[in-house]
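[1] Structure of the sequence below:
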Amino acid sequence: MTEKPTPVANIDGLSRLVESAMGRATTPLPASLITQTGGMLRHCLRRHLVGNPAHPGIAKMAKMGKCSERQARRNLRVLEAWGVLSAAAYPKGGRWATRYWVEIDAIKQTLIALGCNPSRNLVSKMGQVWADMRADKRGGKCPDKCPDTMSAGILYIYPSKKTSAG
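    So this is what the prediction gives:
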């Protein structure tokens, strides 16, 4: 059996700890919201490791939350309202799925606001995941969160301006 790379293991550990902490909320949270949050964290943060925003689609989110697509949409709106997920591109959807970006700091703030009492282990795991995703840890390919993608405009070579001597 092969072991997971350390950053992926950190992400999985973080999502399990977040799910556990959400279960301790002072006002009980729906089970689908807790499991969908953990699944979204695993999916999105793994995509973020390579510098890309995630676009799971509503059917995949429903599978993560073990709920209907309608409930998955409700859960998604809650995560957006908390600031845990933010739309990085195509916020209205349409032809392309909305791209999401996870805000790790917002997770901690939300857990505190919900009365979940995040443990020191959870906070340190957030720091490890944040360090894994920093651009300089990935080689600093592209600081704008997209090291593996390049638009065609970047390759365009502008014609040099000719100066007339005369």
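
[2] At which residues are the strands of the protein located?
    85-89, 99-102 (DSSP state E).

[3] so can I have JSON lines of these showing mean neighbour count and mean pLDDT?
    C-beta: built from backbone N, CA, C; applies to glycine. JSON lines is the format used below for the strands of the chain (neighbours: other Cβ atoms under 10 Å; pLDDT from 0 to 100):
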{"stretch": "strand 85-89", "mean neighbour count": "17", "mean pLDDT": "84"}
{"stretch": "strand 99-102", "mean neighbour count": "20", "mean pLDDT": "89"}
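
[4] tell me the angle the longest helix along the chain makes with strand 85-89.
    Criterion DSSP state H: the longest helix present in the chain is helix 31-49. Here helix 31-49 points in a direction 50 degrees away from that of strand 85-89 (axes from the mean of the first three to the mean of the last three Cα atoms, to 10 degrees).

[5] Residues contacting helix 31-49, please?
    Contact with helix 31-49 is made by 7-8, 11-12, 14-16, 18-19, 22-23, 53-54, 56, 60-61, 63-67, 71-72, 75-76, 78-79, 84-85, 100-102, 107, 129, 132-133, 138, 145, as judged by Cβ atoms under 8 Å, 6 or more residues apart in numbering.

[6] In PyMOL, how would I select just the buried ones from these?
    Applying 16 or more other Cβ atoms under 10 Å to the contacts of helix 31-49, the buried members can be selected in PyMOL as follows:
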select buried, resi 7+11+12+14+15+18+19+22+53+54+56+60+61+64+65+67+71+72+75+76+78+79+84+85+100+101+102+107+129+132+133+138
